[in-house]
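# starting from these lines, generate the structure:
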Amino acid sequence: MKRLINLTPSRGGRWLLGGLPFALLAILYIVQSNQRLLDNSNDRLLPSFASMGESFAKLATEVNVRTGDLPLWTDTFASLERLLAGVLISALIGLTVGLLTGGLPLLRAKLSPLITVLSLIPPMAILPILFIAFGTGELAKIALIVIGITPFLIRDLQNQALRLPDEQLIKAQTLGTSSWQVLTRVLLPQLTPRLLSATRLALGSAWLFLIAAEAIAAQDGLGYRIFLVRRYLAMDVILPYVAWITLLAFLLDRLLVTISTRAFPWYHAEESQS
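Numbers count the residues shown, from 1 in each chain. Reported below is the predicted structural model:
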């Protein structure tokens, strides 16, 4: 008799087991929605899938009379532009500082306490400061994402650098490499795939900071739209937007996975063996 810990589902079984919770949640929602709509046809808390689909299609295909654009796509492109800018800046800073602090003990001793303190500051608490310093434009929103996830990336990459075998550094120095060559030829190639993994983990926080910033001060964006219609209790718009954000986050996550597996297959081979 096989033990439970040794049972591995087939590929089709994984899809079935993975989709089962979603199916159960959908059934539960439909039952609760139908019950509330039977009791009150004007109930807005749990709209039907039909009404949500209709509202979503309207936002995607009908031009806004006031602005002359398609709300869904305008909001999506605005949010993605802010998110990608913030994440790319954070990744660049995280890789640079993580590489230097992970490879240079003197720099690590000087900067690590500061990075640790910065990572403990709640980014949402300094959002008003960012709006005062940078105004309510794009810079403040992007800065919030950068401040929110950069310390995490730095610490993760620094720890990854410190976990590398000392033998690699010793052999490299024995062959006559300089400190710069050790950083760029030994540490950098091994930290780059880890950067993609850490960025995947930070995407959820990046979305959170983006939505919060757009909710407070923006004229477009997914977070702006959600908080704009909340005053009307328009759950038929809010719920599809939340699902849309989730789908975008999933696609970005899969994109990072694809880039990582194709660019650094050796890294994922080591992961599967560990």
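
# what segments of the stretch 101-250 of the chain are helices?
Ranges of helices in the stretch 101-250 of the chain, per DSSP state H, counting those that start in this stretch, are 105-120, 127-134, 138-163, 166-174, 179-182, 188-216, 222-229, 235-263.

# give me the neighbour count for Gln158.
Residues near Gln158, counting by other Cβ atoms under 10 Å, number 23. Where C-beta positions appear, they are placed from N, C-alpha and C, glycine not excepted.

# where does it land on pLDDT?
pLDDT, Gln158: 94.

# same deal with Ile5?
78.

# from Asp236, how far out is it?
Applying Cβ to Cβ, to the nearest Å, the value for Ile5 to Asp236 is 44 Å.

# between the two, which has more neighbouring residues?
Between Ile5 and Asp236, counted using other Cβ under 10 Å, the more crowded position is Asp236 (21 against 6).

# dead centre of this protein: give me the residue that sits there.
Leu203 (1.2 Å; Cα atoms, centre = their mean).

# show me what contacts it?
Neighbour list for Leu203: Val87, Ala249, Leu252, Asp253, Leu256 [criterion: Cβ atoms under 8 Å, 6 or more residues apart in numbering].

# do I have it right that the second one meets Ala202?
No - using Cβ atoms under 8 Å, Ala249 is not in contact with Ala202, being 11.6 Å away.

# the two: which is more packed in?
Higher neighbour count among Ala249 and Ala202: Ala202, with 21 against 15, using other Cβ under 10 Å.

# so what pLDDT did the more buried one get?
Reading off the model, Ala202 has pLDDT 95.

# distance of it from Leu162?
Ala202 sits 20 Å away from Leu162, going by Cβ to Cβ.

# what's the answer for Leu153, then?
Applying Cβ to Cβ, the value for Leu153 to Leu162 is 15 Å.

# neighbour count for the two, which is higher?
The residue with more neighbours, out of Leu153 and Leu162, is Leu153; 24 against 13, by other Cβ under 10 Å.

# so which of the helices of the stretch 101-250 of the chain is nearest Asn64?
The closest of the helices of the stretch 101-250 of the chain to Asn64 is helix 222-229. By Cβ to Cβ, the value is 10.9 Å.

# relative to helix 235-263, how tilted is that closest one?
Counting by axes from the mean of the first three to the mean of the last three Cα atoms, to 10 degrees, helix 222-229 lies at 170 degrees to helix 235-263.
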